[in-house]
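S.K.: okay, predicted coordinates and the sequence, questions at the end:
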Amino acid sequence: QLQLVESGGGLVQPGGSLRLSCAASRFTLDYYAIGWFRQAPGKEREGVSCISSSGGRTNYADSVKGRFTISRDNAKNTVYLQMNVLKPEDTAVYYCAAETFCGSEVYDSWGQGTQVTVSS
């Protein structure tokens, strides 16, 4: 079974940057779209961004457009989420998930999550 592991979270000041990684093991990511999601305390999980299996198509939540960039390196079996100009409202646990295609809501695997805290 595909296993995903997120990393790169941490504490950052408002306006700062972080790069999250979603690394796969056991199977290749080549055939999966990968979505990033986040869940803040007391809130529902929300989709942040998604990238197609080829990397040719990406989408973003309105709240992160222009600040976050999703990318993938299939040779490294890893997907990245570059987060810039971070805001306190970006604080959440971030998860990556492998989907059949972006928006399919059919998930083959989820990571365990990485905490992002934006605070001064």
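M.R.: That came through, no problem.

S.K.: what packs against the helix or strand of the chain with the lowest mean pLDDT?
M.R.: When the helices and strands of the chain are compared on mean pLDDT, DSSP states H and E, strand 107-110 comes out lowest with a mean of 89. Judged by 3 or more Cβ pairs under 8 Å, 6 or more residues apart in numbering; DSSP states H and E, strand 107-110 is in contact with strand 3-7, strand 92-99. Heads up, the C-betas are built off the backbone N, CA and C, glycines and all.

S.K.: go through the ones you listed and name the closest to Gly35.
M.R.: strand 92-99 (5.1 Å; Cβ to Cβ).

S.K.: name every strand pairing with that closest one and say which way it goes.
M.R.: strand 33-39 (antiparallel), strand 107-110 (antiparallel), strand 114-118 (antiparallel) (DSSP bridges).

S.K.: mean pLDDT for those strands: which is lowest?
M.R.: Mean pLDDT values for the strands paired with strand 92-99 show the minimum at strand 107-110, a mean of 89.

S.K.: can you pull the buried residues of that strand?
M.R.: Residues of strand 107-110 classed as buried by neighbour count (16 or more other Cβ atoms under 10 Å): 109-110.

S.K.: contacts for that strand, please.
M.R.: 1-4, 32, 95-100 (Cβ atoms under 8 Å, 6 or more residues apart in numbering).

S.K.: same deal with stretch 51-60?
M.R.: 29-35, 48-50, 68, 70-72, 74, 79, 101-103.

S.K.: buried ones among those?
M.R.: 29, 32-35, 48-50, 68, 70, 72, 79, 102.

S.K.: tell me which of those residues has the lowest pLDDT.
M.R.: Lowest pLDDT among the buried ones among the contacts of stretch 51-60: Leu29, 89.
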